[in-house]
Every structure is written in C-alpha cells, then in structure tokens.
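# what's the 3D shape of this:
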Amino acid sequence: MQLNSKVDDFERISILLHHVVFSYEQAHEKLIGTSSKAILQELIKGLANTFELGDICYISKSRSLQENLQSYIDNLNMSKYYDDVTVEYLNGSFIFKIKECKFAKKDSHIFLSNKHTCPFAILAAAVIYYSTDANLRIHETEFDVHGSRTVIEQIKI
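Have a look, this model is predicted:
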C-alpha cells in the first residue's frame with residue numbers, strides 16, 4: 001500500500017494509538033481484575049518525561065500550564081480530525097472534550113464501554129502533570145459517535 005500523504009500517516013498512527021490504549025486497558029482489567037486507571041498516574045508521568053526530549057507541540061517548562069495546554073490543543077485543532085478540542089477548568093478538574101472526532105466516526109469508539117480512556121486525554125493529562133507536578137486522576141471517558149469527554153482531576157495526597 002502506498003501512502004498518500006503525511007495526513008494519512010497521522011490518521012493511521014492515531015487509530016493505532018487508540019486501539020493500543022483500548023486493548024491495553026481491556027487486557028489489564030482482564031488479567032489483574034481491576035481498572036487500568038490505577039496505572040494511569042505512572043503512565044502520565046512517563047509521557048511527561050518525553051517533553052524533556054525536545055520541542056514536542058511547543059510544550060516547555062518555561063511556559064505556563066495555560067500556554068502549554070493551549071499549544072497542545074492548538075496542535076490538535078490544526079488537524080482535520082476534530083472540529084473542536086477544548087479544555088476547561090471547573091471545580092479543581094480539567095474537562096477535556098473532543099467534538100466531532102473523525103476517529104469516533106471511523107468506528108474507534110464503537111466497541112467501547114466507558115471504562116476506556118481517550119488517548120488524547122491521556123496526553124492532555126501528561127501536559128498538565130508536566131506543567132504542575134500535580135497528582136491526577138483520569139476518570140472514565142464518555143464516548144459517543146461524535147467525540148468524547150474526559151474529566152482530569154487534580155488530587156491531593
């Protein structure tokens with residue numbers, strides 16, 4: 001198969017990322033018997049370390065949380081795969097929403113229960129952690145055929 005463009009690469013990799021995360025969550029719950037949410041804090045920390053490797057989505061320790069989140073959201077919104085990606089802060093939690101997600105329309109959400117987590121919400125949590133060092137809890141993503149909504153809660157330990 002010949003690739004038509006870089007956009008095709010992004011789409012294929014993003015669909016693969018969705019299925020890797022969803023399959024991992026299912027396997028973890030099946031084998032361990034508990035929700036995969038228990039390991040997301042460590043996954044978020046590991047992903048945040050990748051921002052130290054270089055200029056990824058213009059995320060930097062020298063920028064504020066708001067600047068880093070806006071940069072991440074702007075990068076997502078520049079693609080043709082979402083009509084609107086937003087993050088809002090409400091009562092100590094971040095609400096990450098993707099509206100009109102083309103991956104949802106390509107059946108990435110069709111087999112999901114609400115025990116799964118949007119991979120792009122996991123990356124948003126990594127940006128939040130990288131910028132704040134706050135402990136986070138990602139709640140189950142609410143998926144539908146149009147997009148998703150994920151609550152990322154700052155927790156005090």
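
# got any ranges where this protein has weak pLDDT?
Applying pLDDT under 70 to the chain flags the ranges 1-12, 15, 18-19, 33-38, 55-57, 105-114.

# Run through the strands of it in chain order.
For the chain, the strands defined by DSSP state E cover 84-90, 93-99, 135-138, 142-143, 148-155.

# among these, which is the most enclosed?
Of all those, strand 93-99 has the most neighbours on average by mean count of other CB atoms under 10 Å, namely a mean of 20. Bear in mind the C-beta positions are built from the backbone N, C-alpha and C, glycine included.

# so what strands line up beside that one?
strand 84-90 (antiparallel), strand 148-155 (antiparallel) (DSSP bridges).

# Dump that strand to CSV, restricted to CA.
Only the C-alpha atoms of strand 93-99 are listed here, as CSV (Å, rounded to 0.1, in the frame of the first residue of the first chain):
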residue,chain,number,x,y,z
SER,A,93,-10.8,19.4,37.5
PHE,A,94,-10.0,19.8,33.8
ILE,A,95,-12.7,18.8,31.3
PHE,A,96,-11.1,17.6,28.1
LYS,A,97,-13.6,17.5,25.2
ILE,A,98,-13.3,16.5,21.6
LYS,A,99,-16.2,17.4,19.4
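
# still on that earlier bit, can you redo the strands of the chain as CSV with distance to Leu16?
Formatted as CSV, those follow (distance: least, CB to CB, whole Å):
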stretch, distance to Leu16
strand 84-90, 20
strand 93-99, 17
strand 135-138, 21
strand 142-143, 18
strand 148-155, 17
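
# And the strands paired with strand 93-99: which comes nearest Gln70?
For the strands paired with strand 93-99, the distance to Gln70 is smallest for strand 84-90, at 8.5 Å, taking CB to CB.

# No more questions from me, cheers.
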